[in-house]
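[1] what's the 3D shape of this:
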Amino acid sequence: MPKIAEIEDTPNPNAVKFVLKDRIAWGAAKSYASREEAAGDELASRLFDIPHVSNVFYMDNWITVTQDGEADWPDLVRKIAQPIREAKAAEMPARAESAPIDNEDPRLFAIRNLLDEQIRPALMGDGGDLQIVGLEGNVLAIRYYGACGSCPTSLAGTLSAIGNLVRTIEPEIEVVAV
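    The predicted structure follows:
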């Protein structure tokens, strides 16, 4: 049973990050925008049973819960904490070899490394993350998760910062959130 080490506000006023003493996942992020998407995930399903929960995102030893903006956070945090405390800690998976990416666009490889080093750690610190959806021509599509998914800062300032960084690799690239 994971114990909650800290409860942190995020830049998104509708999201709170719970930092845990135990892992609930090992490296693989899980993101759900509805109870239907969370089917089969006991923890996420229990969180969606709580009124006003609109998104659940977790990885490693933290979980971010987003609400619809209609609930009082102190009351909602108490309700959310119970299923988190009752969740099972994740067992360490057997080591798997990652598959090499063949024929990856060298620009995409450089962009992925840049975002992994300079952007994603800050987003994870704020209870969110991003994923590169693809690079078609000069359009880089990214998807935000967790606290970043509905945060006005992500959809404006962070997206602009990502665009500026990516243009150090390829000046003509446009970054869009999907």
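
[2] measure Met59 to Leu115 for me?
    Distance from Met59 to Leu115, counting by Cβ to Cβ, to the nearest Å: 16 Å. No exception for glycine: its C-beta is placed from N, CA and C like everyone else's.

[3] How about Arg107: what's its closest non-neighbour residue?
    Spatial nearest neighbour of Arg107, excluding adjacent residues (Cβ to Cβ, 6 or more residues apart in numbering): Glu170 at 5.2 Å.

[4] what's around that neighbour, how many residues?
    Counted with other Cβ atoms under 10 Å, residues neighbouring Glu170 total 16.

[5] so what's it up against?
    With contact set as Cβ atoms under 8 Å, 6 or more residues apart in numbering, Glu170 has these partners: Arg107, Ile111, Asn138.

[6] who wins for most neighbours among these?
    Busiest of the contacts of Glu170 [other Cβ under 10 Å] is Ile111, holding 23 neighbours.

[7] Where does it sit: helix, strand or coil?
    Put simply, Ile111 is helix when judged by DSSP: H, G, I helix; E, B strand; the rest coil.

[8] next structured bit after the lowest-mean-pLDDT helix or strand in the chain?
    Lowest by mean pLDDT, DSSP states H and E among the helices and strands of the chain is helix 152-153, with a mean of 74. Later in the chain than helix 152-153, the nearest helix or strand by DSSP states H and E is helix 159-166.

[9] Show me how this protein divides into domains.
    4-86, 106-177 (automatic domain parsing).

[10] Compare those domains and report which one is nearest to Met92.
    domain 4-86 (6.1 Å; Cβ to Cβ).

[11] For that closest one, give the mean pLDDT please.
    Computed over domain 4-86, the mean pLDDT rounds to 95.

[12] Now do it: distance from first to last residue.
    In domain 4-86, first residue to last residue: 11 Å (Cα to Cα, to the nearest Å).

[13] quick check, distance from it to the centre of its chain.
    Taking the mean of its C-alpha atoms, domain 4-86 sits 11 Å from the chain's own mean (Cα atoms, centre = their mean, to the nearest Å).

[14] for stretch 131-141, same thing?
    On Cα atoms, centre = their mean, the centre of stretch 131-141 falls 18 Å from that of its chain.

[15] Check stretch 137-147 too.
    Taking Cα atoms, centre = their mean, the mean C-alpha location of stretch 137-147 is offset from the chain mean by 12 Å.

[16] State the mean pLDDT of it.
    For stretch 137-147, the mean pLDDT works out to 91.

[17] in this structure, which spans are helices?
    When assigned using DSSP state H, the helices of the chain occupy the ranges 42-48, 73-86, 106-118, 120-125, 152-153, 159-166.

[18] Name the nearest residue to Arg167, ignoring sequence neighbours.
    Nearest one to Arg167, counting by Cβ to Cβ, 6+ apart, is Ile173 at 6.0 Å.
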